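Asker: Predicted structure and sequence below. I'll ask about it afterward.
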Amino acid sequence: MARLSSLAVLASSLLALAQAMAAERLDGPRIRRLFEGNTVSGRYSGSNLPFSEYHHPDGRASGHNRNVPNTDACWTTTQDAVCYYYGPWEKRRTYCFTIETSGDLLVIRSRPSGRINGLARVEKGDPHGYAGAQANWHCDGLISRAPDPARLARR
């Protein structure tokens, strides 16, 4: 009987540990609080290429994607996702992602497919000095100006 009790306690402990390690999906306001004023760095799934972007409070995202420096990147949040747009409104490309956390790890999933786009971590502040470089672009916050609205996150 004591052995069954020990197994039950062990099973219960393992279940609690698994639940604690489960990913938690963040809503838009929580994503904004986590990203704003911080750097998100990670690797894209599939290609394993790096990305690292400092999220300015004014909506700019400086840093790089796939080792190519950002020259026109902006970010914003929706009700349940973070969206990035690149380029002037005539040529704008928009990508939206849901964010899940598991401890310090971010799981970035493409919207609307739900496929994992990358894994990342939040670095406090601007440890790579991305914000120090003078940005010559501004962000209008209008992801609706993207040429292909089917690529936007559904609310």
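Answerer: The structure has been received and is ready for your questions.
Asker: Low-confidence stretches in this protein?
Answerer: Counting by pLDDT under 70, the chain shows low-confidence ranges at 1-22, 134-135, 141-155.
Asker: In it, where's the longest strand?
Answerer: strand 93-102 (DSSP state E).
Asker: Can you list the buried residues in stretch 27-37?
Answerer: 28, 31-32, 34-35 (16 or more other CB atoms under 10 Å). Quick note: C-beta positions are derived from backbone N, CA and C, even for glycine.
Asker: likewise stretch 47-54?
Answerer: Buried residues in stretch 47-54 (16+ other CB under 10 Å): 50-54.
Asker: Out of the residues you listed, name the ones that lie in strands.
Answerer: Per DSSP E, the subset of the buried residues of stretch 47-54 in strands is 50-54.
Asker: what pairs with the longest strand of the chain, and is each one parallel or antiparallel?
Answerer: Strand pairing for strand 93-102, using DSSP bridges, gives strand 24-25 (antiparallel), strand 82-86 (antiparallel), strand 105-110 (antiparallel).
Asker: and Gln100, how many neighbours?
Answerer: Not quite, residue 100 is Glu, not Gln. 16 (other CB atoms under 10 Å).
Asker: Do I have it right that it meets Asn117?
Answerer: No. Taking CB atoms under 8 Å as the definition, Glu100 is not a contact partner of Asn117, at 11.5 Å.
Asker: hey, what's in contact with both of the two?
Answerer: Counting by CB atoms under 8 Å, 6 or more residues apart in numbering, the contacts common to Glu100 and Asn117 are Arg109.
Asker: Arg32 and Thr78 touch, don't they?
Answerer: No. If you go by CB under 8 Å, Arg32 and Thr78 don't touch, sitting 10.1 Å apart.
Asker: Name the nearest residue to Pro127, ignoring sequence neighbours.
Answerer: Among residues not flanking Pro127 along the chain, Thr39 sits closest, at 6.2 Å (CB to CB, 6 or more residues apart in numbering).
Asker: Kindly list the main-chain dihedrals of the one you found?
Answerer: phi -110, psi 130 (degrees, to the nearest 10).
Asker: what's near enough to touch it?
Answerer: 52-55, 63, 122-128, 130.
Asker: Distance of it relative to Tyr130?
Answerer: 7 Å (CB to CB, to the nearest Å).
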